[in-house]
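Chemist: Below are the sequence and a predicted model; questions follow.
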Amino acid sequence: MKFEKIILNFIIIVFILYSCSKEIQYKTLTFFFDGVPDTVATVLTKDTLLKANNNVPIENLVLTAPETNRVIHPPYKENECSACHSEGTMTMPQPQLCYQCHDDFATKYAYVHGPVAGGYCTACHHPHMGEKKLLLRKGQDLCLFCHEKEMVFKNENHSGIDSTNCTECHNPHGGQDRTLFN
């Protein structure tokens, strides 16, 4: 009984901390889980994206692409801000907001990619504009932002892939095995 109270109090404390600011949420989640995306990387302004991506050539950031190459998310294009925003905040948290229109990949696959499992759609996608599929980065830079390049290319299956997009072999949302093969 005493142990159950300790666990219950612990859960309440984590819940309270998690419901605070984004910085406290991030610190709380990273204390318990590996691979939680850096909250700075999911901020939606061009300036913070550029700061968060200082290891990626600026020409590979989708927000610097010529406007003719950009894809505009339909609610944003149609000035339907209220579809996602209300009084300066999101109408509901990720990923539930995204799942109002998009597939819930967390239930579609036996194995789910970390950002999908964590509900961090904006770790890879920009909610307003981008190039193909509203991605934040191009090519391998998308995956190598989180996955260490040295570890990826140490795998013999990746020898000779050069600049091949990771998504040509791997599904970025999930798969039927842990390798997320297409």
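Modeler: Received, thanks. This one's a predicted model, so the numbers in the text were calculated from it and none came from an experiment.
Chemist: Tell me where the model's unsure across the protein.
Modeler: Along the chain, the parts satisfying pLDDT under 70 run over 1, 9-10, 12-68.
Chemist: give me that answer again for 80
Modeler: For the chain, applying pLDDT under 80 flags the ranges 1-70, 88.
Chemist: ranges for the strands of it?
Modeler: 71-72, 85-86, 89-90, 111-112, 129-130, 174-175 (DSSP state E).
Chemist: ok, the third one: who's next to it in the sheet?
Modeler: Spelled out, it's strand 89-90. In the sheet containing strand 89-90, the strands it pairs with under DSSP bridges are strand 85-86 (antiparallel).
Chemist: picking up where we left off before, tell me which of the strands of the chain sits most buried.
Modeler: For the strands of the chain, the largest average neighbour count (mean count of other Cβ atoms under 10 Å) is found in strand 129-130, namely a mean of 20. Where C-beta positions appear, they are placed from N, C-alpha and C, glycine not excepted.
Chemist: which other helices and strands contact that strand?
Modeler: Counting contacts by 3 or more Cβ pairs under 8 Å, 6 or more residues apart in numbering; DSSP states H and E, strand 129-130 is packed against strand 71-72.
Chemist: CA-only coordinates of stretch 82-90 in PDB, if you can.
Modeler: The C-alpha trace of stretch 82-90 is given here as PDB (Å, rounded to 0.1, in the frame of the first residue of the first chain):
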ATOM      1  CA  SER A  82      -8.900  28.500 -36.500                       C
ATOM      2  CA  ALA A  83      -8.600  24.900 -37.800                       C
ATOM      3  CA  CYS A  84      -5.500  24.500 -35.600                       C
ATOM      4  CA  HIS A  85      -5.200  27.700 -33.500                       C
ATOM      5  CA  SER A  86      -7.500  29.400 -31.000                       C
ATOM      6  CA  GLU A  87      -6.500  32.600 -29.100                       C
ATOM      7  CA  GLY A  88      -2.800  32.100 -29.800                       C
ATOM      8  CA  THR A  89      -2.600  28.400 -28.700                       C
ATOM      9  CA  MET A  90      -3.200  25.100 -30.500                       C
END
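Chemist: Give me the residues contacting it.
Modeler: Identification of contacts with stretch 82-90 by Cβ atoms under 8 Å, 6 or more residues apart in numbering yields 75, 91, 97, 127.
Chemist: want to throw the residues you listed into JSON lines with neighbour count and distance to residue 120?
Modeler: Output for the contacts of stretch 82-90, formatted as JSON lines (neighbours: other Cβ atoms under 10 Å; distance: Cβ to Cβ, whole Å):
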{"residue": "75", "neighbour count": "16", "distance to residue 120": "19"}
{"residue": "91", "neighbour count": "13", "distance to residue 120": "18"}
{"residue": "97", "neighbour count": "18", "distance to residue 120": "12"}
{"residue": "127", "neighbour count": "19", "distance to residue 120": "12"}
